[in-house]
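Novice: this one's sequence-less:
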């Protein structure tokens, strides 16, 4: 176990009374509650924490938050996860983490051999190198090598992800000084406010910078404002919660880690806000110079954060390298924390006198008009070589920490996602929010106001403005008194190498160097989006949070342009990596998609039915296998039972609509192709609906229950679509029609008995309905009682056999089913699934949506020209149908097929081509089954000019073979329909 | 610790789907001696009868006691003797089309917000509010019984097992 070196920062957010043991790369260390893995590792003197992505160079910790580009870790144990920035892993007891992208360890990494060949591996080398003989030959190995961490292999059973919706007036993103003031101002105005922050504690940079607020430590002010927020009663705060996507209409995704209750691992909030205040702060960018990735090189702001927030000294002696004022304050902080500041190197020749005076009092040697030319050291920084920008004179300074600051980038990612414009501000050398495109207000550092005082003021004003836009009058909110030092910067993009040939990294995570960008420009990929893709700059897990603007600045310098003219690449969600579980939420496995049950579903399952979806989310029995039966055997047995005896199936999912009103017939006449005004009471009629383009939309039987009252049935899969069509028609095109359509699919359960003995059986069930064929003919209905239940009984058949469809209110569905099954034992009643139903309908040549009705067929194609009325002035699809028919072109027509080999089952969808050649098809097989009636395979197909080709032989292409088949009429069983009408 | 909420299936009730022009519906509701919701997306309860505004010229009538008399599918609400159903109003028995779930407890809003994108906060969805909405990816009618703490959800019967499984899972 290593030593723990903690400073004495009075406002540190660690609990020194709560030590925590953890392991990193197999070794055990100790930290404190409140630490991150990064701060704990630094406190234990661990500086080499990983290896780089491409060259396997040694890497340390460079940042303190989500911007961390250098060290990603793999978490194992209960919270198996990968590619976490080491700076965003809260320390917990028993935490086990390891470095990614190295083997066997960061200290000795076999992959480091890549450094030897690094000059041969410029940007895009693999695009150019691995072209012959085939990229896919190399792809698996390259993808393995390019991977970072290892994806979890199993779902953490004890941890649940959750998603929820949330509505608020004002969403404030970021609980730094600006965000806190915005939330307070909006909350006091009466607005419902949601305040989210990705840190575990509110305050943002206040914890790192050591500022005074109202003359007191910032921690005191934070306690006060937390109490004030709670007192509003309208502000809800989420900590450790990251807003990662900002969509249209202020729809914002926020993922919260470790929320209450305890069983929730992560919760994703889908927030709909009327106004959004973006107070996401700013991210410091590193300086670009040779070996700027060495362990020991760190952002100045991160170093301050470790010193002030975590009481950790990341080094003993440091050099600070900058181009702006903020790093000077960082240097003073580090000096105050006991770190020897060996030098302060600033690219600017002129420095404000107040800063020089303060540095002088601290004994800090200042090098103005100078740059760090190179970091020296292997696995850890040991010195830096600086060079004068004027005469190139070089000096070496020993140090184990180099703090760099190339300026601050407003965190504009979410603002840009919201489609807000960005503009380049030369005074800040950064991109700042421009014109907003929806109700979003940037504030504070995210808006380029880097001073504490301006952050607080902008935050308050933004809160007031947001609340006012929501209709709330602004309430008085005082600003605290703070010092607000000026921020001055001179843009510096690191193009001066001063003779060094070492690698200078622009995107540290993706190992993109200055020379890579120079190569991109030389090869014509100088536009920012091209350069990004050519070099992969900004395409890492960190999405270039520290590197992107440096890359843009460098491209501008190389192109002799202005960064504003180069522009930014597109900011896309997610802002930070989000686990798939956090997006999917509470619907794993069986709950991933909604499913529907009939009242009889449990019965089917208990009898071993193989269940699967059969359209519109209904789970239906496919078949009921007996012990030792294959699927084919079970389906054949079930179909044979219907042909020879008695079968029963659950027809509840069939779409059903109650249609009432004086204009009911008018509606039916308009949506179906045939005539409806002469349908008698208690009689049914088959109908076909067309789409506007004259193609078959759906089919079904509609019964007349009474004058102006009908029951329409549709296919299961199309029921919702038909309802939308009917409602759309009545609400928009024909609002004057006095007719109402009410879906009643759910209200009725259906059990259908079918087979030659169905009538005889029904007489034993107990019903007051006269079942005689003359009194209750085919395509009619009766109302009465069946098995002591009120029922509607219909004589319709989809199997081609004598059938009785019995509908009862769904609450009695199971009772009906069980009564029928019990009474049917004497008839060897056989429950059949959708597979047997399919077989039976193919034998009869009945249509099925998704098979023959495939969205390209019209009634004539399927031999249903008889159902198209020539008497009606109009129906949906009439004009398109007539135009198509008038054109006289060849059409695919429904035919039957008998394969040369009677045992051949051709896969559905198999193409039919001339002589089986590999060329454009002339049709396809829509269904093929082993017919129990014919004792051989039979198929239906749509074939060009099919009806004229009956008697010919066609060729079906199947996998690696061609099957010959004779073209027949599309009915293989009881073509006269005597059995179903019996 | 899981959410402090109780999820239960409510007993069956009689439901009628009513559609028709406002004039005809007014006549029907007068004959039924039933209060009618004036504002959209509200429910009016009187005695054991409730009327839900669920769309323009569309209502749902709930009768807590008793099942409709007469033949299935052609039953109608019990009118006082001598009164008849207005001809221009479609009244369809949908009693068996829905299963009702009660979600009640201090954390009811936490559970409901996982199911529906509707804003159910007390200020927006107070007592007596009702609306069709997405519910775990299906469509359901939500009714607020007590703002923020008690809701009843009418789920299409076929989705009831799925919705119940979802509710069991999210309540912890």
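Specialist: Arrived safely, thanks for sending. Bear in mind that the values here come from a model prediction, so they are computed numbers and not experimental data.
Novice: show me how far the longest strand along chain B is from its chain's centre.
Specialist: The residue-count maximum for a strand in chain B (DSSP state E) belongs to strand B:138-146. Remark: strand B:138-146 is offset 7 Å from the chain centroid, using Cα atoms, centre = their mean, to the nearest Å.
Novice: then stretch A:125-140?
Specialist: Using Cα atoms, centre = their mean, the offset of stretch A:125-140 from its chain centre is 30 Å.
Novice: and stretch A:47-59, by the same measure?
Specialist: 31 Å.
Novice: for stretch A:855-864, same thing?
Specialist: 39 Å.
Novice: the helix or strand of chain B with the lowest mean pLDDT vs chain A: in contact?
Specialist: Least confident helix or strand, chain B: helix B:22-31 with a mean of 83, by mean pLDDT, DSSP states H and E. No. Residues of helix B:22-31 contacting chain A under Cβ under 8 Å from any Cβ of the partner chain: none, with a closest distance of 9.7 Å. Where you see a C-beta, it was placed from the backbone N, CA and C, and this is true even at glycine.
Novice: cool, stretch B:32-52 as well?
Specialist: No. Using Cβ under 8 Å from any Cβ, stretch B:32-52 never reaches chain A; the gap is at least 14.6 Å.
Novice: I'd like the mean pLDDT over that stretch, please.
Specialist: What stretch B:32-52 shows for mean pLDDT is 90.
Novice: start to end distance for it?
Specialist: End-to-end distance for stretch B:32-52: 15 Å, by Cα to Cα, to the nearest Å.
Novice: residues in contact with the spatially closest residue to residue A:62 that is not a sequence neighbour?
Specialist: Leaving aside its chain neighbours, residue A:62 sits nearest to residue A:70 (4.5 Å; criterion: Cβ to Cβ, 6 or more residues apart in numbering or on different chains). Residues in contact with residue A:70 (Cβ atoms under 8 Å, 6 or more residues apart in numbering or on different chains) are A:49-50, A:52, A:59-63, A:293, A:508-509.
Novice: which residues touch the longest strand of chain B?
Specialist: Taking Cβ under 8 Å, 6+ apart as the rule, strand B:138-146 contacts A:594, B:43, B:52, B:54, B:60, B:98, B:102, B:104, B:112, B:116, B:118, B:120, B:125-135, B:150-156, B:159, B:162-163.
Novice: show me the contacts for residue A:599.
Specialist: Taking Cβ under 8 Å, 6+ apart, we find residue A:599 in contact with A:652, A:749, A:810-814, A:817, B:157.
Novice: one more time with 7 Å, if that's ok
Specialist: Residue A:599 is in contact with A:652, A:749, A:810, A:813-814, counting by Cβ atoms under 7 Å, 6 or more residues apart in numbering or on different chains.
Novice: helix or strand: which one has the nearest residue to residue A:906 once chain neighbours are set aside?
Specialist: With sequence-adjacent residues excluded and distances taken as Cβ to Cβ, 6+ apart, residue A:906 is closest to residue A:928, at 4.5 Å. Residue A:928 is part of strand A:923-931, with elements assigned from DSSP states H and E.
Novice: ok, residue A:457 next?
Specialist: Counting by DSSP H and E, residue A:457 is found in helix A:452-469.
Novice: so what does that helix touch, helix or strand wise?
Specialist: Contact analysis of helix A:452-469 by 3 or more Cβ pairs under 7 Å, 6 or more residues apart in numbering or on different chains; DSSP states H and E lists helix A:177-188, strand A:264-278, strand A:440-442 as its packing neighbours.
Novice: again, only using 10 Å
Specialist: strand A:160-173, helix A:177-188, strand A:193-196, helix A:206-209, strand A:212-213, strand A:264-278, strand A:440-442 (3 or more Cβ pairs under 10 Å, 6 or more residues apart in numbering or on different chains; DSSP states H and E).
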